[in-house]
Each structure stands twice: as structure tokens, then as C-alpha cells.
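1. What follows is a protein structure lacking sequence information:
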């Protein structure tokens, strides 16, 4: 292969109600809405394009590992433990369903949260060194 994949450009998330879900992502997570119709909404969130796609009920981006544990498909990064703790508190204040801050045995700390449709996401307190360098985040 002479070329390489450079980045993930778009993530697709199944939702039941595009209107309600897009409002939730904008109001709760600070996403910017760039397009919406009856079947999809396109959001700018965390340096990525997120498509909320109208799906049947009981669909989610979650999956189960070989031990039967429900897993998330996306981890968002924040800049340090203080940022993680602040966002965790902010999410609780906004009535977002969140898990406890966890020590998973690796660098940093994490917690999970869920959107209106039960899509499970992770937040990690360690911002990628390459990302920090590129955007001069210290």
C-alpha cells in the first residue's frame, strides 16, 4: 500500500429522533449543527464530523465483548484529570447519564456517558501528544 489513511473524518451514530438527538448533542455536549433533515443531522464535535442517522429503535453504536460486557465505540479525550473531573460534574449538572470516574490500570482516568438513545461513549483524561503538539495545547 503506497498511501496511508490520515484520519477518521466522520463517525455515524444511530438515533431514533434526529430532531431531539441533534438538540441534545448541541445543548449538552456543545456540538455545532451544520446540517439537518428528517433522516440525519451533521454535527461538528471534538474535531470531527458526527452524523446522527435516523435508525430503528433499540439500535446503538455499542457492542458486547467476548465476556458479555457492553463496550463503547468512541473515546473522547480531554486535557488532564482536572478537565475530566470538570466535565464529569458538568455532565451530571446537565442530567447526562454518566458513570463514575475510573482507574482502568493505564495512564489517566476515564468515565462513560450515554446519549438519549443509549449510545455509550468514553472520556479519557489524556490528550494525544501529537494532537497537543499540532494545536499547541499545554
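-> It's in. Owing to the predicted nature of the structure, the values given are computational and were not obtained by experimental measurement. Numbers count the residues shown, from 1 in each chain.

2. thought residue 98 was touching residue 111?
-> Yes: contact criterion Cβ atoms under 8 Å: residue 98 and residue 111 qualify, at 5.9 Å. Just so you know, the C-beta spots here come from the backbone N, C-alpha and C atoms, and that holds for glycine as well.

3. Any chance you could list residues touching both of the two?
-> residue 88 (Cβ atoms under 8 Å, 6 or more residues apart in numbering).

4. I'd like to know how many residues surround residue 59.
-> Residues lying near residue 59 (other Cβ atoms under 10 Å) number 16.

5. Is it located within a helix, as I assumed?
-> No: under DSSP: H, G, I helix; E, B strand; the rest coil, residue 59 sits outside any helix and is assigned coil.

6. Which pLDDT does the model give it?
-> pLDDT for residue 59: 95.

7. That one contacts residue 118, doesn't it?
-> No: the criterion here is Cβ under 8 Å, and residue 59 misses it with residue 118 at 9.2 Å.
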